[in-house]
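Participant: Pasting a predicted model and its sequence here:
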Amino acid sequence: MSVMQASQATARELLRPEVLARIKNLDLVARSVVEGFLIGLHRSPTFGFSQEFAEYRAYTEGDDPRFIDWNVFARTERTYIKRFLGDTNSHLMILVDASGSMGFGGPPVSKLRYAQFLAASLAFLAARQHDAVGCMIFDEQVRDYRAPSTRAGRLQSVLHCIDSAEARTGTKFDKPFAKFREHITRRGLVAVISDFYCDTENLLAGVRPLAWQGQDVVLFQVLDDQELDPDIGSNVLFEDLETGHAVEVAPAFLRETYPGRIRAHIDSLAKAAAGIGADHVLVRTSESLDQALRNYLLFRQRRK
Amino acid sequence: MSLLAPWFLFVALAITLPLWLHRLQTQSAVRRPFSSTMLLESTEKQVHVKKKLKYRVLLSMRVAMLLLLALILAKPIWTKTAPAFSESAATHVVLIDTSASMLRAGVFDRAVEAARNAIDSIPNGSLIQVVNADSRIHVAGELSADKAVHRSALATIEAGATRLDFGEAMGAIDTFAENLPPPVILHFVSDFQDSGMPIRFADLAATNIAELITHRVAVDARFNWRVEYARATAAVVDIGVIGSGEIAGRASVGAILNNRLVEQRDLVETGRSVHRFSGLQLEPGDNRLTVSIAAADDLAIDNEWYQVIEDTPPAPIPLITANRGRRAAMYLETALQADPRSNYRIEFMPVSETDFRTLSRYRWAVIDDLGSIGSELEAVIVSFIENGGNLLAFAGQGRAAAEQLPVSRHRVRATAVSANENEFLTIGQIDTGHPVLSDIEGWHSVNITRNIAVDVEDGDQVLIRLENATPFLIERRLGRGRILLLTSGLDNEWNDLPIRPVFVSFVVESARYLSGVGDTTKSFTTGDALPLSLIGGASGQVVDPQGNTVLSLVDTTREQQIRLEQPGFYEVYTPQGDYLVAVNTDPRESQAETVADETLGRWAATMGGQVERNGGPVAAREPAVRELWHALLFILALLVIGESIVGNINLKPHTEH
């Protein structure tokens, strides 16, 4: 095995949820995922980070000193940083659902923890590309909010906001999203991470105005394997994590009827998203994070 | 009846007791948390069905008993009241929606017909008022009982290009109804677009409207094209087009720049598509880009999109200096030119050659050393600021020992020295809420050896203080303009600000603030207001897309803003220069979805008519009141007997066992 192959294997290992679950620091998780993902991307014909040079800009405090062009400094004694086409980009707002149902799942990780990994990785990836990044944690209402910004320290603030989310209460999309629209003033990318256990119309009521506002919306639907393919031997009384409502279910129902229902629900969500020009990405918590990041980059590339 | 009676509440709470007891008996399977049960279905074993059904009867009887007991304790009564008013004695307001969506093929004609029918259905002798609503309420005709007058008034109403928000319309009509003889019945004729609904349903409520009668106008949405956006860069424009419904007939989209066709393409498929047109040849100043879809679709008004593309030359900034070769001038020039977002060009203006006529051509100016100007020039600069100009000034060494600073007229408190040469002062407090300082960091790295300590007066805003609380950056308003005064020099001798990274950000943000960049947006939606302050008050003029001047002489003194009601380009003439403003139809008017009948019903139910006549309340008819507790007590007794029988039957096997 060559050195390159070995490093790619290690990188892929770092993208696996069970490995990430052992790391407590979300900053480290995001860094590991994105670095690992980019190593894996190295040989990809589709993506790349070799950005096209656009212009020079005067260095201001808070800019990454790595981008200072030292050749220009040597000639003019002025500090300028290089800017690339990929740098002059958009806002990314990450909306994370922290309702009770997101607490379901595992081991190794619950859906909420996986959503936190994904959100942190997106934030890190966006910050790496000099996009302004912000986040909102919501359930039935807005629980925490960070406005998009490229300021130094904003990424840490966003990661802290994501890390502090805990699963509780129910889900509603209309109220928190209406609040969100009041705060957002610029067009940009909006990534909504949720399990979307709700009425499609309720979801559309929240997301459709965002699309009207010109936001490019991508819906990451995070589901656990036990939700897609539940496995029980005898009758079980399933208790709803949000409402507390209990339903006694037989194995035969889960085997024969339930898969069709969950598939129909996912399809209706995807169709509704397509209807308002949004993207829909299904993510399983047992899968590594690279596919979700790849989808995000594809989405971002299409909307530019 | 009081639902807050303590006994009622207590017994109502007791209903949970049988529910809890029965729940314990019926649920026996293993509990497991699950994310959502919305897709699950209860599949219980057949053997349990009979037992549970019996228990449920028992449970429902027990719950009903407690519920009845609670109701009895709340002392319910039954009242019967007659209708509050008769339609013939009411004032009828007929409101027609004249927003842009009503321009769909045939819709507005049907709306006028519906309004005519509504007028005909009103009882003879009733007062009628016809109004139409888009972004505002317009009264058509006088309040009268003559139906013929109102029918002819309908012919004068036309649909416009602005948006109607039902919440705002109801608020306005509610206020309007205050001055009408009550009760007021509102006949609302509209296509009831879903996008016209307000965010808060409560905004639809109206206290002065007794009754709402909705007349929905049918919309046959076949197909429609609309321009979603146009984003232009230097030579390329991306045009977003949305098509909905089945295509009927040929359609094409074209981009027209300054009345010259750039390119035209056929539209083949509906849905969202983006078309990139290149080869834009911009002219200096504001360019008119019109995107137009040629198609015979439902709604023609959204087939056009207007965009202003700026190709402005660098804005000149006068730098008033006594010595062009000084380091201060060089620092300022370098900082202003370092930011690629800024488009500025420094014009050096020697102190000896500066006069009011030259200076008044600029929006703002910079002085690198306030101490270097004489009293004559001071009068010129003060006049410039009082007439709306802005100034960025640095208190240099030239007037360090004077009692008062020129132009800003701050009294000098100390003789320029705040610290000795070997000790640095640093920044203490920063007003980060100010636009100049909100996005700047790094002030704390600046070291100051000397500054001019001045007395702050009422109306001054101290933006930065040193650690010894001395003002370092002050904003003062003078007439219609403002001064940003830095109380230290700019030659790298009194401080090291010019060589710190924060200096570039400070100068650039100050330039943006004082030049008013961002104050003037050039893209509006129909119905928006253009503040007169942006066009120079009485000195400006606006020409609408039809070529008519908008402002009369009276408007310039009375009006505070201009309403932009037509889509197209408005030409704005100001003392500081001319520019264009693009106005487009609100995209929400293109939505074909309509409000559900159920929602309209709930809307009508929110009307809270205050039934008064001639200033006094209508003689209230005494409602018939009858107490219900006797009947409820009788039913309760029956239920107690029934519960005993059912309970005895159901629980018998258990007792025998």
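Facilitator: Yes, it's here. Keep in mind it's a predicted model, so treat the numbers as computed, not measured.
Participant: where does the stretch 51-200 of chain A come near chain B, residue by residue?
Facilitator: Neighbours of chain B within the stretch 51-200 of chain A, by Cβ under 8 Å from any Cβ of the partner chain: A:55-62, A:78-80, A:101-102, A:104-105, A:111, A:151-152, A:178, A:195, A:197. All C-beta atoms are positioned from the backbone trio N, CA, C, and that covers glycine.
Participant: Can you find the residue of the stretch 401-550 of chain B that comes nearest to chain A?
Facilitator: Nearest to chain A in the stretch 401-550 of chain B, going by Cβ to the nearest Cβ, is residue B:442, at a distance of 3.7 Å.
Participant: Residue B:436 versus that residue, what's the distance?
Facilitator: Separation of residue B:442 from residue B:436 (Cβ to Cβ, to the nearest Å): 14 Å.
Participant: Just want to know which of those two has more residues nearby.
Facilitator: residue B:436 (23 against 16; other Cβ atoms under 10 Å in any protein chain shown).
Participant: Sticking with residue B:346, tell me its helix or strand.
Facilitator: Residue B:346 is part of strand B:344-350 when elements are defined by DSSP states H and E.
Participant: Pairing partners for that strand, with directions?
Facilitator: If you go by DSSP bridges, strand B:344-350 pairs up with strand B:315-321 (parallel).
Participant: Return the set of buried residues in the strand it pairs with.
Facilitator: B:315, B:317, B:318, B:319, B:320, B:321 (16 or more other Cβ atoms under 10 Å in any protein chain shown).
Participant: and of those residues, the nearest to residue B:338?
Facilitator: Residue B:338 lies nearest to residue B:317 out of the buried residues of strand B:315-321, by Cβ to Cβ, at 14.0 Å.
Participant: Correct me if wrong: that closest one contacts residue B:346.
Facilitator: Yes - between residue B:317 and residue B:346 there is a contact at 5.7 Å, judged by Cβ atoms under 8 Å.
Participant: Would you mind listing the residues touching both of the two?
Facilitator: Taking Cβ atoms under 8 Å, 6 or more residues apart in numbering or on different chains as the contact rule, the neighbours common to residue B:317 and residue B:346 are residue B:336.
Participant: Format the CA atom coordinates belonging to the strand holding residue B:346 as CSV.
Facilitator: Extracted C-alpha coordinates of strand B:344-350, given in CSV (Å, rounded to 0.1, in the frame of the first residue of the first chain):
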residue,chain,number,x,y,z
TYR,B,344,-12.6,56.1,-5.0
ARG,B,345,-10.2,58.5,-6.6
ILE,B,346,-8.3,61.0,-4.5
GLU,B,347,-8.2,64.5,-5.7
PHE,B,348,-5.7,66.7,-3.9
MET,B,349,-7.1,70.1,-3.1
PRO,B,350,-4.5,72.5,-1.7
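Participant: can you list the residues of the stretch 501-650 of chain B near chain A?
Facilitator: So the stretch 501-650 of chain B meets chain A at B:501, B:502, B:504, B:505, B:587, B:588 (Cβ under 8 Å from any Cβ).
Participant: Let's have these in CSV, adding distance to residue A:137, pLDDT and neighbour count.
Facilitator: Listed next are those as CSV, based on distance: Cβ to Cβ, whole Å; pLDDT from 0 to 100; neighbours: other Cβ atoms under 10 Å in any protein chain shown:
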residue, distance to residue A:137, pLDDT, neighbour count
B:501, 34, 85, 18
B:502, 33, 88, 19
B:504, 36, 87, 25
B:505, 31, 87, 24
B:587, 30, 85, 20
B:588, 29, 87, 19
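Participant: Residue B:147 contacts residue B:120, doesn't it?
Facilitator: Yes - counting by Cβ under 8 Å, residue B:147 does reach residue B:120; the two are 7.1 Å apart.
Participant: So these two - more neighbours on which side?
Facilitator: Between residue B:147 and residue B:120, residue B:147 has the larger neighbour count (other Cβ under 10 Å), namely 15 against 9.
Participant: got the contact list for the residue nearest to the spatial centre of chain A?
Facilitator: The centroid of chain A falls nearest to residue A:119 when counting by Cα atoms, centre = their mean (3.7 Å). For residue A:119, the contact set (Cβ under 8 Å, 6+ apart) comprises A:94, A:96, A:135, A:162, A:191, A:193.
Participant: Mind putting these into CSV with pLDDT, secondary structure and neighbour count?
Facilitator: CSV is the format used below for the contacts of residue A:119 (pLDDT from 0 to 100; DSSP: H, G, I helix; E, B strand; the rest coil; neighbours: other Cβ atoms under 10 Å in any protein chain shown):
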residue, pLDDT, secondary structure, neighbour count
A:94, 91, strand, 27
A:96, 92, strand, 27
A:135, 90, strand, 27
A:162, 89, helix, 26
A:191, 89, strand, 26
A:193, 92, strand, 29
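Participant: Now flag whichever of these is closest to chain B.
Facilitator: residue A:193 (14.5 Å).
Participant: Name the residues linked to the closest one by a beta bridge.
Facilitator: Beta-bridge partners, per DSSP bridges, of residue A:193: residue A:96, residue A:220.
Participant: Check the spacing between it and residue A:137 real quick.
Facilitator: 10 Å.
Participant: cool, residue B:196 as well?
Facilitator: From residue B:196 over to residue A:137 (counting by Cβ to Cβ), the distance is 32 Å.
Participant: likewise residue B:595?
Facilitator: Taking Cβ to Cβ as the measure, residue B:595 falls 33 Å from residue A:137.
Participant: And these two? Which one has more around it.
Facilitator: More crowded of residue B:595 and residue A:137, by other Cβ under 10 Å: residue A:137, with 22 against 19.
Participant: And the helix or strand containing that one, what's buried?
Facilitator: Element membership of residue A:137, judged by DSSP H and E, is strand A:132-138. Of the residues in strand A:132-138, A:132, A:133, A:134, A:135, A:136, A:137, A:138 count as buried by neighbour count, 16+ other Cβ under 10 Å.
Participant: and if you look at stretch A:170-189?
Facilitator: For stretch A:170-189, by 16+ other Cβ under 10 Å, it's A:170, A:171, A:172, A:173, A:174, A:176, A:177, A:180, A:181, A:184, A:188, A:189.
Participant: least confident pick among these?
Facilitator: Lowest pLDDT of the buried residues of stretch A:170-189: residue A:184, 73.
Participant: That one - nearest residue in space that isn't next to it in sequence?
Facilitator: residue A:93 (6.7 Å; Cβ to Cβ, 6 or more residues apart in numbering or on different chains).
Participant: so where does that neighbour fall, helix or strand?
Facilitator: Short version: residue A:93 belongs to strand A:91-97, going by DSSP H and E.
Participant: Poorly predicted segments of chain A, please.
Facilitator: A:1-16, A:18-25, A:38-56, A:83-90, A:185, A:299-304 (pLDDT under 70).
Participant: so what are the domain limits for it?
Facilitator: A:3-41, A:53-86, A:89-303 (automatic domain parsing).
Participant: if we can go back for a sec, pick out whichever of the buried residues of strand B:315-321 sits closest to chain A.
Facilitator: Using Cβ to the nearest Cβ, residue B:317 comes nearest to chain A of the buried residues of strand B:315-321, at 16.9 Å.
Participant: Can you check the pLDDT for the closest one?
Facilitator: 83.
Participant: Could you measure from it over to residue B:311?
Facilitator: 19 Å.
Participant: So which bits of stretch B:352-371 are buried?
Facilitator: When burial is assessed from 16+ other Cβ under 10 Å, stretch B:352-371 yields the following buried residues: B:354, B:359, B:362, B:363, B:364, B:365, B:366, B:367, B:368, B:369, B:370, B:371.
Participant: Output those in CSV; the columns should cover pLDDT.
Facilitator: Formatted as CSV, the buried residues of stretch B:352-371 follow (pLDDT from 0 to 100):
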residue, pLDDT
B:354, 79
B:359, 81
B:362, 83
B:363, 81
B:364, 86
B:365, 90
B:366, 89
B:367, 89
B:368, 84
B:369, 83
B:370, 83
B:371, 80
